[in-house]
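K.L.:
Compute the structure for the input listed below.
(one chain, ligands or ions: 2)
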Amino acid sequence: MIDSKNIIEVKDLRVHFGHGDDRVRAVDGISFSIAHGETLALVGESGSGKSISALSLTKLAPRQATYAGGQILFNNSNMLKLSDRELRKIRGSQISYIFQEPMVSFNPVFTIGWQIEEALKLHRKDLDRKAEIGRLLDLVHLPDRLAAAYPHQMSGGQLQRCMIAMALACSPELLVADEPTTALDVTVQREILNLLKELSEKVGLSTLMITHNLGIVSDLADRVCVMRKGRIVEEGATRQVLDDPQHKYTKHLMAAVPRLKPSAAKKTSPEEIDDEMKRWMPR
Ligand SMILES: Nc1ncnc2c1ncn2[C@@H]1O[C@H](COP(=O)(O)OP(=O)(O)OP(=O)(O)O)[C@@H](O)[C@H]1O
Ligand SMILES: [Mg+2]
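P.N.:
Ligands and ions are numbered 1, 2, ... in the order given. Here you go, the predicted structure:
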């Protein structure tokens, strides 16, 4: 049974690619939970297993993946045991995804409105879809005339807003955002993050936020899990992990934060790094 305060519980999840000695343990026994209304950040270097963990929540990992063990409890079902039909019902309606590159998530030959309407048709047959498209675009601060636009007529930031509108189309309980701002320039990143923050408060979403960016973690996440080589090496409240990382790897990640002022190749003392991190990560 899932603890009633949690929306999802992942227990000892294992996802492998390949077999025998050559297999890649992309996810190697991770456990975490997300409480209702909570934002959990998953951080870690490239290849550490963040995306495969996120996709596995609804069994969307690439076809070659094997779910080698563990449980994913959502609404008291183990997602790993559900049929494809049951999973399809949950994907997009109860658990929605936003990915890094909005352009590839939209079909270039259909208008944005048409594509949002298709998402609505799948899961919400009951409602006035035109009005709902307007409401969703308004929620992400876009004028409803953009429903008639094609993806290539929009900026990256506008498209990411549309992607968020589409993800919210069926009032999901859990939003999974995998590097949602990495492909955008810095000012637009900030706008999208503010939007996500606003929505999580307004709509009461629970969110799994995957990011390389510790600044995003600091601003948005209630808790953070640090992943390395398919495992979670550190987990805790965001402030606690960022202010006082325990694991060597977390310390290493913090030290790898891009420096604010590019300087000559001068050795930086730990104290200097601390100072810079504090400036870089607003409280
Ligand atoms: N289709 C696949 N076939 C084989 N191995 C894969 C496949 N997809 C992912 N992997 C492996 O699984 C591991 C975890 O990959 P994953 O995409 O989850 O990393 P990530 O933490 O999301 O990295 P990034 O920050 O670069 O997005 C990596 O070692 C990767 O090589
Ligand atoms: Mg990834």
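K.L.:
Can you give the distance of stretch 162-170 from its chain's centre?
P.N.:
Counting by C-alpha atoms, centre = their mean, to the nearest Å, stretch 162-170 is centred 14 Å from the centre of its parent chain.
K.L.:
Other residues contacting that stretch?
P.N.:
For stretch 162-170, contacts defined as C-beta atoms under 8 Å, 6 or more residues apart in numbering pick out 92-94, 96-99, 102, 105-106, 112, 115-116, 119-120, 122-124, 132, 136-137, 139-140, 142, 146, 151, 154, 175, 180, 192, 195-196, 199, 203. For glycine as for every other residue, the C-beta is placed from the backbone atoms N, C-alpha and C.
K.L.:
Kindly recompute the last result at 7 Å.
P.N.:
By C-beta atoms under 7 Å, 6 or more residues apart in numbering, the list of residues contacting stretch 162-170 from outside reads 92-93, 96-98, 102, 105, 112, 115-116, 119-120, 123-124, 136-137, 139-140, 154, 175, 195, 203.
K.L.:
Among those residues, which lie within helices?
P.N.:
Counting by DSSP state H, the part of those found in helices is 102, 105, 112, 115-116, 119-120, 123, 136-137, 139, 195, 203.
K.L.:
Distance of V15 relative to L205?
P.N.:
Distance check for V15 against L205: by C-beta to C-beta, to the nearest Å, it reads 25 Å.
K.L.:
Those two - which one has more neighbours?
P.N.:
V15 (26 against 23; other C-beta atoms under 10 Å).
K.L.:
What helix or strand is that one located in?
P.N.:
Element membership for V15, per DSSP states H and E: strand 6-17.
K.L.:
Return the set of buried residues in that strand.
P.N.:
6-10, 13-16 (16 or more other C-beta atoms under 10 Å).
K.L.:
Please tabulate these in CSV, including the columns distance to ligand 1 and pLDDT.
P.N.:
Listed next are the buried residues of strand 6-17 as CSV, based on distance: C-beta to the nearest ligand atom, whole Å; pLDDT from 0 to 100:
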residue, distance to ligand 1, pLDDT
N6, 23, 96
I7, 21, 96
I8, 18, 98
E9, 20, 98
V10, 14, 98
L13, 12, 98
R14, 12, 98
V15, 8, 98
H16, 9, 98
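K.L.:
which residues touch L174?
P.N.:
L174 sits next to 7-8, 34, 94-95, 206, 208 when contact means C-beta under 7 Å, 6+ apart.
K.L.:
Closest one to ligand 1 out of those, please.
P.N.:
L208 (12.4 Å; C-beta to the nearest ligand atom).
K.L.:
Apart from its chain neighbours, what residue comes closest to R231?
P.N.:
In this structure, R231 finds its nearest non-sequential neighbour in D28, 5.2 Å apart by C-beta to C-beta, 6 or more residues apart in numbering.
K.L.:
in a helix, that's where that neighbour is, yeah?
P.N.:
No: according to DSSP: H, G, I helix; E, B strand; the rest coil, D28 belongs to no helix; its state is strand.
K.L.:
can I assume it is in contact with V15?
P.N.:
No: the pair D28 / V15 is not scored as a contact, 8.4 Å apart, by C-beta atoms under 7 Å.
K.L.:
circling back: ok, of the contacts of stretch 162-170, which come out buried?
P.N.:
Among the contacts of stretch 162-170, those classed as buried by neighbour count (16+ other C-beta under 10 Å) are 92-93, 96-98, 102, 105, 112, 115-116, 119-120, 123, 136-137, 139-140, 154, 175, 195.
K.L.:
And the helices in the stretch 151-283 of the chain?
P.N.:
156-168, 186-203, 214-220, 238-243, 248-255, 270-280 (DSSP state H, counting those that start in this stretch).
K.L.:
residue ranges with poor pLDDT in the protein?
P.N.:
Counting by pLDDT under 70, the chain has low-confidence residues at 258-283.
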